[in-house]
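Engineer: Structure for this input, please:
(one chain, ligands or ions: 1)
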Amino acid sequence: MSSLKTIGIIGAGQMGCGIAHVSALAGYKVHIYDLSQDRIESGLATINGNLARHVASGKMSDEERKVALSRITGSSDLNDLAHVDLAIEAATEDESVKRKIYAQVCPVLKPEAILATNTSSLSITRLASATDRPERFMGIHFMNPVPVMKLVELVRGIATEESTFSAAREYVTSLEKTITVAEDFPAFIVNRILLPMINEAIYTLYEGVGTVDAIDTAMRLGANHPMGPLQLADFIGLDTCLSIMQVLHDGLADSKYRPCPLLVKYVEAGWLGRKSGRGFYDYR
Ligand code: CAA
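Structural biologist: As a prediction, the model looks like this:
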């Protein structure tokens, strides 16, 4: 455990739940906030399901699952974040949504609390400017699925104080994750490299070079990736993939980051991947 004892998570989606899961396992008290009690209930059920999988595979005892779950609470009342030492915003990858959340949450948080964002691409410095605490704001970027992936990217904004960075480093280390430090450039390191690869796989499909199955099999067996790029795009969410490509395209002003028109079309159709039941694969 680090000097931060209580973690607030804003957003009970797949990332927020994963962060809550690993934090509770490491001994932190966790409070999840989301807009509705339904989302909280469904998030808690996901966490319980993932913990139960690890019990089934012998990675932990049922007692450890119960103890971890007992450390997590959730509510749709922002005031319940008043006592947290670190709040991690894991809302949708949309700058206006994040700004709105900061405007509501900052007055509630303790003045000394750290506010972090799990953004996968947006400027930390620009997001920090929408808070009342740029010196106690930074990026803590987890990978999906959080309980499985070993890496966390830490990103400072221009105003982030060293004490904020070292508290975040201590917290992430206590989760037994490996840290990589990235500078505040569009999409940092992992997504700067991963998303153009996924976008290129979608162009490969768009141009008829291969079928969905051919492209994914090629990359799984030809490059030893655990998932093919189109399956991974469905797993990340096609809306998130598109928004990261747009951040790269706008922020780096280079046509090599142009989102594939097929990706745009799928998002416009509401085909967002696994979460919506349809993407490059059919999950219905
Ligand atoms: N939560 C908790 N545990 C999970 C899980 C989840 N959502 N999904 C899988 N697991 C666990 C399983 O319980 C299993 O654990 P045990 O070894 O204890 O049994 C283990 O992971 C392996 O799972 P499976 O056997 O079901 O499936 P698999 O071997 O095909 O692995 C995978 C699944 C781990 C997701 C693997 O396919 C993989 O690594 N895929 C690539 C993931 C990736 O690249 N993530 C990065 C995305 S990019 C990102 O996150 C950045 C961003 O900002 C967009």
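Engineer: Residue 243: what's it in contact with?
Structural biologist: When contacts are counted by Cβ atoms under 8 Å, 6 or more residues apart in numbering, residue 243 touches 93-94, 121. In short, each C-beta sits where N, CA and C put it, glycine included.
Engineer: before we move on, what about residue 81?
Structural biologist: Under the contact definition (Cβ under 8 Å, 6+ apart), the residues listed for residue 81 are 8, 10, 31, 33, 87, 105, 108-109.
Engineer: Quick one: residues in contact with the longest helix along the chain.
Structural biologist: Ranked by residue count and defined by DSSP state H, the top helix of the chain is helix 37-56. With Cβ under 8 Å, 6+ apart as the test, helix 37-56 has contacts from 12-14, 16-18, 20-21, 24-25, 32, 34, 60-62, 64-65, 68-69, 72, 74-76, 145, 147.
Engineer: Can you mark which positions in it are buried?
Structural biologist: For helix 37-56, the neighbour count (16 or more other Cβ atoms under 10 Å) marks 39-40, 43-44, 46-48, 50-51, 54 as buried.
Engineer: Now it: average pLDDT?
Structural biologist: On average, the pLDDT along helix 37-56 is 96.
Engineer: near the ligand at all, that helix?
Structural biologist: Yes. Contact between helix 37-56 and the ligand, assessed by Cβ under 6 Å from any ligand atom, occurs at 50, 53-54.
Engineer: Out of the buried residues of helix 37-56, flag the one nearest to the ligand.
Structural biologist: Nearest to the ligand among these is residue 50, at 3.8 Å by Cβ to the nearest ligand atom.
Engineer: one step back: show me which of the contacts of helix 37-56 neighbour the ligand.
Structural biologist: Among the contacts of helix 37-56, the residues lying close to the ligand (Cβ under 6 Å from any ligand atom) are 145, 147.
Engineer: quick one: which of the contacts of helix 37-56 sit in strands?
Structural biologist: Among those, DSSP state E puts 32, 72, 74-75 in strands.
Engineer: can you pick the most crowded of these?
Structural biologist: Each of the ones in strands among the contacts of helix 37-56 was scored by neighbours using other Cβ atoms under 10 Å; the highest score is residue 32's, at 27 neighbours.
Engineer: Just the buried residues from the contacts of residue 81, in ChimeraX please.
Structural biologist: Selecting in ChimeraX just the buried members of the contacts of residue 81, where the criterion is 16+ other Cβ under 10 Å, is done with this command:
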select :8,10,31,33,87,105,108,109
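Engineer: could you dump the residues of helix 37-56 next to the ligand to CSV with distance to residue 155?
Structural biologist: Formatted as CSV, the residues of helix 37-56 next to the ligand follow (distance: Cβ to Cβ, whole Å):
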residue, distance to residue 155
50, 26
53, 30
54, 29
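Engineer: Assess the claim that residue 101 and residue 92 are in contact.
Structural biologist: No. The pair formed by residue 101 and residue 92 falls short of the contact definition of Cβ atoms under 8 Å, at 9.8 Å.
Engineer: neighbour count winner among these two?
Structural biologist: The residue with the greater number of neighbours, taking residue 101 and residue 92 and applying other Cβ under 10 Å, is residue 101; the counts read 22 against 15.
Engineer: mind checking how far the more buried one is from the ligand?
Structural biologist: Distance check for residue 101 against the ligand: by Cβ to the nearest ligand atom, to the nearest Å, it reads 18 Å.
Engineer: helix or strand for that residue, which one?
Structural biologist: Taking DSSP states H and E as the definition, one finds residue 101 inside helix 95-105.
Engineer: For the helix or strand following that helix, which strands pair with it and how are they oriented?
Structural biologist: Sequence-wise, the next helix or strand beyond helix 95-105 is strand 114-117, with elements assigned using DSSP H and E. Partners of strand 114-117 in the sheet, by DSSP bridges, are strand 86-89 (parallel), strand 137-142 (parallel).
Engineer: The helix or strand hosting residue 221 - contacts with which helices or strands?
Structural biologist: For residue 221, the element it lies in under DSSP H and E is helix 212-222. Helix 212-222 sits against helix 190-206, helix 229-236, with contacts defined as 3 or more Cβ pairs under 8 Å, 6 or more residues apart in numbering; DSSP states H and E.
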